[in-house]
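Undergrad: One predicted model, sequence on top.
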Protein chains: 2
Amino acid sequence: MTALRIGLLGRGTVGGAFERLLAERAARVAELTGREPQLAGILTRSQGDFGEILERSDVIVELIGGVDDALGYVRRALEAERDVVTANKQLLSRHGDELFALARERGRSLGFEAAVAGVVPVIRVLRESLAGARLERVHGIVNGTTNFILSEMARTGCAYADALAEAQRLGYAESDPSEDVGGGDAAAKMAILARLAFDARVHIDDVRFEGIEGITPGDIAYARDLGLALKLIGTAERLEDGISVRVHPTFLYAAHPLASVGGSFNAVTIESEAITEITLSGPGAGGMQTASAVLGDLVAAASPAGSRPPGAAAAVPIVQDVVSAFYVHMEVDDRPGVLAQIAAHLGEEGASIKSVVQRGLGEAAQLVMVIHPLPESRLRAAAERIGELEFVRSAPRAIRVIDEEFE
Amino acid sequence: MTALRIGLLGRGTVGGAFERLLAERAARVAELTGREPQLAGILTRSQGDFGEILERSDVIVELIGGVDDALGYVRRALEAERDVVTANKQLLSRHGDELFALARERGRSLGFEAAVAGVVPVIRVLRESLAGARLERVHGIVNGTTNFILSEMARTGCAYADALAEAQRLGYAESDPSEDVGGGDAAAKMAILARLAFDARVHIDDVRFEGIEGITPGDIAYARDLGLALKLIGTAERLEDGISVRVHPTFLYAAHPLASVGGSFNAVTIESEAITEITLSGPGAGGMQTASAVLGDLVAAASPAGSRPPGAAAAVPIVQDVVSAFYVHMEVDDRPGVLAQIAAHLGEEGASIKSVVQRGLGEAAQLVMVIHPLPESRLRAAAERIGELEFVRSAPRAIRVIDEEFE
C-alpha cells in the first residue's frame, strides 16, 4: 500500500486533536483511501522547516492559523501541486480568490469543511449536493460563542457580561472574545458560505457585521413577550440587484428552524425553490469536532476518483432485543391494589417506573406509565402477564421513548 | 464540449420533475461537469427499449421504481460500465449487496441520495463527510407521510383516520398508504442508512418495524402531559454484540432535535464520539425535491476526479441596503401623544408597525415595536429623527427580525 504523507502545520487545540484522531483512525483511513496515512512532519511556530515538510508530503493540513504565514504556506503547497486541507476561515475569506484559482489551475483539491461550522457539513453540501441547485438564501448561526452567550441570557435572564464570563469559564469564549462577540468570526464564515452558495467573489470586507455586545436582558425579555428568539444570524441572499452578506443580532419567530438551536451549537438553513429549505446543525466548535471535519477532507482529497460505492461491507450480527424506555398505556378498573399488582409484575421483569398518569375513574380509568430502559423482551413479558389480570380490560400498549436523560 | 448522455428510466412524478429540472439547469450542469447534458432516451412502462437507451447513454437515471425490472436495468447498466443514479430505496434495501459490489467491481459510481430523505443530504454526509468517523447511532424521521399524520394529530387532536384522510387530500399520502403508515418505507430507508453508517450488510429483512396505525389521540394527549412528542423514528445503532436497525412509533423528550420536526419534513441525527451529534433536516418528499437530489448525484457522477475548487466565481454586486423587519427599543417619557409622534415619523419613512409593547410608566417607560419589512436606510432615518424628539430619552435601538409570515 502506498503511503499518504501528511504535512501538519500547527499543533494547537485543533492540530493536536487531529494528530490523535489520525492515529486512532489510521486503519479506517487506509481502508477508505487505499493509502497508509503517515505524518511526514509537523510545523509549529517555534519548530520545523516548511520547505522540508512540503518536500516530504503529499497533503498539507494547515491548522496553524493567522493570515500572512498561512497564506504563504498554502500558496507554496498548491504551487508544488500538493492537496491542501485548511480550517482557516480568515485566510479563505481574505484570499479565497487567489487560493481557489490556484487550486483550480494546478488541479489540486483545497478542502475547508472545518473552516465553517465545525463538523456540520455545510461546505460539502453546498459544493456537492446542491451544486446543481439555484440557491436563494443561506441563514446561519455560525459562531458557537455568541450562541452560547445568547442562550445563557435567555435561559437565566442574566446580563451580557455575566454570560460572557460564564462562557469564558467553560472554555466557550477566549480571554479576548472580541473576534467572536463582535461578529468578525461569523462575517468571515458567511463570506465563505456566500461564495459557495452564489458562486460569487465575496471578500470579508463585503460583509456588514454587528456583534452582540449591546444586547440587554430587556431585549431578551421583550422578545419572549413577542414570541421571538434572539440569535446572531449570518445571512447571504440573492437579491434582484446582486447579493447581500451580513451578520446581525436578529429575532426569529419560534417556528424558524434556527430558533431552537441552543448552547454552542451551529446551524445553517439553505433555501432554494427546488429544495424548499434544508437545515444542518451540530457542534460548531471543539478541537475534536473540527479535527473530525479536517479528517473528512483528508479522506476526500486522498480518495480515488469518483464516489466510493459502499459494499465491501461486513456481515455484522443484527441485534433484535434492544434496550429502550417505554410508555405503557392500560385500561383498568380503578380499584384498590391495581397499581401495586401492576408494579409487582413490572418489578419481576426488572422494569422500574419513572412516571404514572391516571385519567378517568371507575371502569373507564386509563393508566399511563413511563418505564425506565429495559430489554424489550422483558417489557413484553411483563405486559403479557399484566394483560391477563382480571381488572385490566385490554392488552397494555407499549410505545418506545427516547430519553437522553436516561442514557 | 463532450456530451453527457443521460438515459432516463421512468417519467412519473419524480422522472417528470427531473426532466424539467435538467432542462432548466443544463447550463449549470455543463459548467460544473465540463460536459453538455443530453437526454439520450426515456424508458417508461409502455415505451422505449432499454437496450437501445443503454447503448446511447453514459449515465442511467433509474426513477421507474419497483424491484425486479429496476434490478435488471441497474445490473445491466453497471455491467456495461455506465454510472447509475437511482432513487429506489426498495431496490437498494433488498439488492444492495449485489449492486454495490458490482459498482465497485466495474469502477462505476452508484448514486442514491434521493433514495433516503429526499433532498436532505444524509447519504453524502455519511459516505463522505463522516467517512473517517466511528458512528454510534443514527436516528431518523425518514417518512414524510407518517410525520405529517402524527403532526396533524398533535396539532388538532384528531383521530388517526381523519389525519390520514387529510394527508391523502393534500397529496402527502397515497390512496393505498400501507407502505408508508405501516413502516415498510421507513424500514427500507433505515436499512440503507445502517449499511452506510456501520459499513455493514443490512437487508430490509433485518429491520424490525411497526407502523402508526394504532396510535390514538389519547396517546398523543398523554404524551403532551408527560412533555413528549410522538414520532415514527428509525434507529440504527451500534451495540456491544452487533447492530440494531428498527422503526417504531417513539416518544421523544421535547429537547431532542427530532422532536420539533413537523409536517412532512424528514430529519436525521447522526451521533459519534468525535462529532457529538449532527442533525440534517428538510423536505423529505415531493417530486421536485427528489429530482434535485438526483441532479446532485448526476453532477457528482459526471464531475472530474477530485473536488472542484470554487473560484471561477463571478464578481457580483454586493447589496448593502437590505429590506428587513425590525424590533425597535425606545426609552420614552410616558405622556399623551408619544406613540402618535413616533408613529408619524415611522410612517414618513414607510414603516408600518406590526406590534407594540410598553413596559413601565412615567420617565422609566420603555416602548418596543416590531416594524414590518422596509429598507434598513429608511428605518435608520426614522430612528434618527425619533431619537431627536424631546420625550425620547436615548437613541432607539434596532434589531433585525426574521419573520417568515411577512414573506
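TA: Great, that's in hand.

Undergrad: all helices of the stretch 101-250 of chain A, in order?
TA: For the stretch 101-250 of chain A, the helices defined by DSSP state H, counting those that start in this stretch cover A:122-124, A:144-156, A:160-169, A:178-181, A:184-198, A:217-225.

Undergrad: Lowest mean pLDDT across those helices, which one is that?
TA: Per-stretch mean pLDDT for those is lowest at helix A:217-225 (a mean of 84).

Undergrad: List the contacts of that helix.
TA: A:150, A:153-154, A:157-159, A:229-230, A:251, B:327, B:329, B:357, B:359, B:366, B:368, B:397, B:399 (C-beta atoms under 8 Å, 6 or more residues apart in numbering or on different chains). Quick note: C-beta positions are derived from backbone N, CA and C, even for glycine.

Undergrad: Now which of those would you call buried?
TA: Burial by neighbour count, 16 or more other C-beta atoms under 10 Å in any protein chain shown: within those this picks out A:150, A:153-154, A:158, A:229-230, A:251, B:327, B:329, B:366, B:368, B:397, B:399.

Undergrad: Any chance of TSV for these, columns distance to B:Glu384?
TA: Below are the buried ones among the contacts of helix A:217-225 laid out as TSV (distance: C-beta to C-beta, whole Å):
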residue	distance to B:Glu384
A:Leu150	27
A:Met153	28
A:Ala154	30
A:Cys158	31
A:Ala229	28
A:Leu230	24
A:Phe251	22
B:Tyr327	17
B:His329	15
B:Gln366	19
B:Val368	18
B:Arg397	12
B:Ile399	16
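
Undergrad: Return the subset of those lying in strands.
TA: In strands, defined here by DSSP state E, the members of those are A:Ala229, A:Leu230, A:Phe251, B:Tyr327, B:His329, B:Gln366, B:Val368, B:Arg397, B:Ile399.

Undergrad: Taking those residues, tell me the two that lie furthest apart.
TA: A:Ala229 and B:Gln366 (19.9 Å; C-beta to C-beta).

Undergrad: does chain B sit close to the host helix or strand of A:Leu298?
TA: According to DSSP states H and E, A:Leu298 maps onto helix A:287-302. Yes - Helix A:287-302 lies within reach of chain B by C-beta under 8 Å from any C-beta of the partner chain, at A:Met288, A:Gln289, A:Ala291, A:Ser292, A:Ala293, A:Leu295, A:Gly296, A:Leu298, A:Val299, A:Ala300, A:Ala301.

Undergrad: how many other residues sit next to the fifth one?
TA: The reference is to A:Ala293. 32 (other C-beta atoms under 10 Å in any protein chain shown).

Undergrad: what does the one 5 residues further on give?
TA: Neighbourhood size, A:Leu298 [other C-beta under 10 Å]: 25.

Undergrad: ditto for A:Thr279
TA: So A:Thr279, with other C-beta under 10 Å, has 25 neighbours.

Undergrad: from memory it sits against B:Gly282, does it?
TA: Yes - judged on C-beta atoms under 8 Å, A:Thr279 makes contact with B:Gly282 at a distance of 6.5 Å.

Undergrad: and the nearest residue to A:Phe198 once chain neighbours are set aside, how many neighbours does it have?
TA: Among residues not flanking A:Phe198 along the chain, A:Ile243 sits closest, at 5.3 Å (C-beta to C-beta, 6 or more residues apart in numbering or on different chains). Burial measure for A:Ile243: 19 neighbouring residues, criterion other C-beta under 10 Å.

Undergrad: ok, A:Ile243 to B:Ala77 distance?
TA: 40 Å (C-beta to C-beta, to the nearest Å).

Undergrad: and if you look at A:Ser244?
TA: To B:Ala77, A:Ser244 is 44 Å away according to C-beta to C-beta.

Undergrad: Provide the secondary structure category for the closest residue to A:Arg82 other than its chain neighbours.
TA: Excluding the flanking residues, the one nearest A:Arg82 by C-beta to C-beta, 6+ apart is A:Ile60, at 5.3 Å. Reduced to three states with DSSP: H, G, I helix; E, B strand; the rest coil, the structure at A:Ile60 is strand.

Undergrad: ok, now A:Ala259?
TA: Put simply, A:Ala259 is coil when judged by three-state DSSP.

Undergrad: That one touches A:Ala229, doesn't it?
TA: Yes - applying C-beta under 8 Å, one finds A:Ala259 in contact with A:Ala229, separated by 4.1 Å.

Undergrad: intersection of neighbour lists for these two?
TA: Common neighbours of A:Ala259 and A:Ala229 (C-beta under 8 Å, 6+ apart) are A:Leu252, A:Tyr253.

Undergrad: is it true that A:Val299 touches B:Gly132?
TA: Yes - counting by C-beta under 8 Å, A:Val299 does reach B:Gly132; the two are 5.0 Å apart.

Undergrad: Any buried residues in stretch A:90-106, and which?
TA: By 16+ other C-beta under 10 Å, the buried positions in stretch A:90-106 come out as A:90-97, A:99-104, A:106.

Undergrad: Check stretch A:251-270 too.
TA: A:251-253, A:256-262, A:264-270.

Undergrad: Span of it from start to end?
TA: Stretch A:251-270 has its terminal residues 18 Å apart, counting by C-alpha to C-alpha, to the nearest Å.

Undergrad: now do stretch A:269-282
TA: End-to-end span of stretch A:269-282 (C-alpha to C-alpha): 12 Å.

Undergrad: Please apply the same query to stretch A:115-127.
TA: 14 Å.

Undergrad: now do stretch A:21-32
TA: Stretch A:21-32 has its terminal residues 15 Å apart, counting by C-alpha to C-alpha.

Undergrad: Now look at that stretch and say if it contacts chain B.
TA: Yes - under the criterion of C-beta under 8 Å from any C-beta, chain B is reached by stretch A:21-32 at A:Leu21, A:Arg25, A:Arg28, A:Val29, A:Leu32.

Undergrad: Can you give the contact residues for that stretch?
TA: Contacts with stretch A:21-32, where a contact means C-beta under 8 Å, 6+ apart, come from A:1, A:4, A:6, A:35-37, A:39, A:288, A:291-292, A:295, A:298-299, A:302-303, A:308, B:131-134, B:274.

Undergrad: same question, stretch A:71-83
TA: So stretch A:71-83 is contacted by A:7, A:9, A:43, A:50, A:54, A:57-60, A:62, A:64, A:84, A:86, A:88, A:91, A:95, A:98-99, A:102-103, A:106-111, A:301-302 (C-beta under 8 Å, 6+ apart).

Undergrad: ok so, going back, which residue of A:Ser244 and B:Ala77 possesses the greater neighbour count?
TA: More crowded of A:Ser244 and B:Ala77, by other C-beta under 10 Å: B:Ala77, with 28 against 23.

Undergrad: ok, so what distance separates that one from B:Glu179?
TA: 26 Å.

Undergrad: same check, this time on A:Ala30
TA: Distance from A:Ala30 to B:Glu179, by C-beta to C-beta: 41 Å.
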